[in-house]
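Colleague: here's a sequence, model it:
(2 chains)
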There are 2 protein chains.
Amino acid sequence: MANRPLKLGLAGLGTVGAALTRLICARSDDFVARTGRLPEIVAYSARSAGERGLPLGGAHFYPDAREMAAKADIDVFVELIGGASGPAYEAVRAALARGVHVVTANKAMLAAHGLELADMAEKAAVALSFEAAVGGGVPVIKTLREALVGNRIQRVSGILNGTCNFILSKMEAERIPFDVCLKEAQRLGYAEADPTFDIGGFDTAHKLSILAALAFGARIDAEAVSVEGIESITLADLAAADDLGFRIKLLGVAQRTDHGVEQRVHPTMVAKTTPLAQTMGVLNGVTIDGDAVGALTLVGPGAGGDATASAVAADLADIARGVLAPAFGRPVALLAEAERASIQRHEGGYYVRLSVLDRPGSMATIARRMAERTISLESIVQKRASGDANAYVSVVIVTHATTETSIREALALTLEDGVVREKPQVIRIERP
Amino acid sequence: MANRPLKLGLAGLGTVGAALTRLICARSDDFVARTGRLPEIVAYSARSAGERGLPLGGAHFYPDAREMAAKADIDVFVELIGGASGPAYEAVRAALARGVHVVTANKAMLAAHGLELADMAEKAAVALSFEAAVGGGVPVIKTLREALVGNRIQRVSGILNGTCNFILSKMEAERIPFDVCLKEAQRLGYAEADPTFDIGGFDTAHKLSILAALAFGARIDAEAVSVEGIESITLADLAAADDLGFRIKLLGVAQRTDHGVEQRVHPTMVAKTTPLAQTMGVLNGVTIDGDAVGALTLVGPGAGGDATASAVAADLADIARGVLAPAFGRPVALLAEAERASIQRHEGGYYVRLSVLDRPGSMATIARRMAERTISLESIVQKRASGDANAYVSVVIVTHATTETSIREALALTLEDGVVREKPQVIRIERP
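Modeller: Here you go, the predicted model:
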């Protein structure tokens, strides 16, 4: 049954690399049944030699991934090193340049160099596959690239970072503040020692830029993503969200607007009844709105060695079967240069939490500033802030759809008016 | 850019056929960009000629789908007629016999003849594609066949019939009995005049048998599915489920057990926190448990012309790109003859609602019958049945994991003992 084997060069033996090595060994018979080809890791590279108890057989060790990519007798270069530039990027280029298929989980590299690499792959008529780069085991790349080809996609919104979702879920469920939850995430290995990349929203932004390119047939444009992290979210916000029927999630949202493609990452109020609101803990979830399919949601493990290895294996199987789809769904030359819709022109509802001077006229002033910018209010809830007995009260406002500029201007004026203390908390609301 | 067009013969101009015709017209540029080929409906068949305002251009009308399949100059035969046997089946055979690709939404035909048709397709080296047959717009076929190749699948469980889910959701939300909700579903066009096929669980069973074959690499075995419908579900069951933290869903479940592959369709208690419990109304949802990926859930529109056309378009795009995967993931010769695990050997928790004679010793008798079969009880709740003031009380029992045989025997004995009136309501519990 089996034709010639599928020779793999595996760069990186971290959690995912180790899990992939075990998976390939365990599922090789099934892989042959499905694709006709036996996957074999014939070469690997890692920080040090030694096979770590992994079934690497007689695979040849290369101390440098770039050397392996350039020289090893392989069909596929599997890049699990990470990093936007440096050795990973150089090795992938080396592989593509000599007509070797590439499978990668490296979202940072794709966000920075995805178009260039897709172009190289196209010219060499090889695959550049990256199911594992977004959503871990959740097959969102294949879904956008293949399953929804009949759709004009209007919006992609997703929980794409398990660390942030773990922290927000824990804050909400156990009423524990951000800092404590972050430490717990670090203790459990969900967050890095320097967590900025995750909690600042940058990891989500990389992934979102990849999804946006696939969804809209556009050139990847990671610099266009507006990014806010979850550091500012307080238990007061989570409690207010709960009262209002929302949960707070760090969403990446890419959508078509009248002004172009809007890409944004920020803490978001989502209705509790939506699948994304119900995606808890380290899970990832993505909702895709297409004109034919309606709303399609995928939920599953967004990280972890085995789940990510599952995604890599799917890419390998497609390559083994000879499937060759353009990396971003269309040939690079046909990817559009999408107009950037600035976050300032974002339209939607807003949650605003203000610390308001408790004296007659304060609320009237705020309401007037909103009205001046024709911001229509859905609800206002005033609560005495605990430990702040006299001077200030906490006010939560939910607006109907308005623009970013309008709400920001109105809030800046209330600060100038002196009725509001400190910078207001502003969280965008995402409607299904 | 475009190579030769992809010539389609479309059999059936009902809701899906009409939606597909419009979709192909609207998205043809994008289809060319993605696949390099322009899709063209060059022939169609329907109950009567006339283009119904559809963009069918100069497509040739055939009064008989079989004639079109056998004679038209087409690359792909798109079968949207329906029916397990008869013209649809004959036409598909005719197309495959002459080496024409087939795309079909016909789950009944696949459940009955899937293996034979897959074998014909394989021998002719053409596609037999059926994304639209299960889950409507939800890409569960592609996910099982391609995205999860690296997994040993343990279980597939799904809400696969929007009609049943609509009825159960409405019964729960509005506390309206089954009969009334069914009439409403019929009024809205969600249920047929003869609704047996949907509410009896048979449509779900067809779809489940297809998913099981894909998930387990097994020969399709629709006759092995144990089927129960939702007709017996009462508002009392829904209220009790709510108290216990469950929702009641009509699930199709296929899972590996120590005794072989178990396939069953029945009303099921699922924890409210699970994605399937949160899949409401006419939506479909499928959770796939794989050893590498963990639990992956897909939720979206399971029916409707546009959503189903979206799935057909994905199959067409794969064919246009020259992708040729075995219909059931593996060549027919490699599909296993899975041992059938009888429902009698099913292991799991049970919800049981009994009408119990209200006299000393009744509960002791029931508890003893359970204990004799080493059934461990998780909870017992007794409530006076309204309108039944004296003689009987309603008792709801939730068991820990036991076997189907044990619980059925224990319940039969309580009937013989005379402490229980009428047949008890028994609903299986599915744990994540």
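Colleague: going by C-alpha atoms from here, please, whenever you check contacts or count neighbours.
Modeller: Fine.
Colleague: residue A:57: neighbour count?
Modeller: Neighbourhood size, residue A:57 [other Cα atoms under 10 Å in any protein chain shown]: 11.
Colleague: doesn't it belong to a strand?
Modeller: No: counting by DSSP: H, G, I helix; E, B strand; the rest coil, one finds residue A:57 to be coil, located in no strand.
Colleague: from chain B, how far out is it?
Modeller: 20 Å (Cα to the nearest Cα, to the nearest Å).
Colleague: who are the contact partners of residue A:197?
Modeller: Neighbouring residues of residue A:197 by Cα atoms under 8 Å, 6 or more residues apart in numbering or on different chains: residue A:203.
Colleague: er, residue A:408 actually
Modeller: Residues counted as contacts of residue A:408 (Cα under 8 Å, 6+ apart): none.
Colleague: can you name the next helix or strand after the strand or helix carrying it?
Modeller: Here residue A:408, judged by DSSP states H and E, is contained in helix A:404-417. Tracing the chain C-terminally past helix A:404-417 and defining elements by DSSP H and E, one meets strand A:420-430 next.
Colleague: show me how far that next one is from its chain's centre.
Modeller: Here strand A:420-430 is found 24 Å from its chain centre; the criterion is Cα atoms, centre = their mean, to the nearest Å.
Colleague: now the angle between helix A:404-417 and that strand, please.
Modeller: Per axes from the mean of the first three to the mean of the last three Cα atoms, to 10 degrees, the angle that strand A:420-430 makes with helix A:404-417 is 170 degrees.
Colleague: and strand A:420-430, what other elements does it pack with?
Modeller: Strand A:420-430 sits against strand A:260-271, strand A:347-357, helix A:404-417, with contacts defined as 3 or more Cα pairs under 8 Å, 6 or more residues apart in numbering or on different chains; DSSP states H and E.
Colleague: in CSV, list the ones you listed along with distance to residue B:125.
Modeller: Shown next, in CSV, are the helices and strands packed on strand A:420-430 (distance: least, Cα to Cα, whole Å):
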stretch, distance to residue B:125
strand A:260-271, 42
strand A:347-357, 51
helix A:404-417, 55
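Colleague: what's the most buried one of these?
Modeller: Ranked by mean neighbour count, these are led by strand A:260-271 with a mean of 24 (mean count of other Cα atoms under 10 Å in any protein chain shown).
Colleague: if we can go back for a sec, pLDDT of the helix holding residue A:408, averaged?
Modeller: For helix A:404-417, the mean per-residue pLDDT is 96.
Colleague: residues from the stretch 151-300 of chain A in reach of chain B?
Modeller: Residues of the stretch 151-300 of chain A found near chain B (Cα under 8 Å from any Cα of the partner chain) are A:151-152, A:273, A:275, A:278, A:292-300.
Colleague: got the contact list for residue A:127?
Modeller: A:101-103, A:121, A:319, A:324-327.
Colleague: which of the residues of the stretch 151-300 of chain A next to chain B are buried?
Modeller: Neighbour counting with 16 or more other Cα atoms under 10 Å in any protein chain shown marks A:151-152, A:275, A:278, A:292-300 as buried within those.
Colleague: residue A:47 and chain B: what is the separation?
Modeller: With distances taken as Cα to the nearest Cα, residue A:47 is found 25 Å from chain B.
Colleague: tell me which element that residue falls in.
Modeller: If you go by DSSP H and E, residue A:47 is not part of any helix or strand.
Colleague: name the nearest residue to it, ignoring sequence neighbours.
Modeller: Among residues not flanking residue A:47 along the chain, residue A:63 sits closest, at 6.8 Å (Cα to Cα, 6 or more residues apart in numbering or on different chains).
Colleague: looking at chain A, which helix is longest?
Modeller: helix A:107-124 (DSSP state H).
Colleague: how far away from the center of its chain is that one?
Modeller: For helix A:107-124, the separation from the chain centroid amounts to 18 Å (computed by Cα atoms, centre = their mean).
Colleague: and stretch A:244-259, by the same measure?
Modeller: 13 Å.
Colleague: show residues contacting it.
Modeller: Stretch A:244-259 has contacts (Cα under 8 Å, 6+ apart) with A:154-161, A:164-165, A:168, A:201, A:204-205, A:208, A:212, A:229-230, A:238, A:241, A:261-272, A:277, A:339-341.
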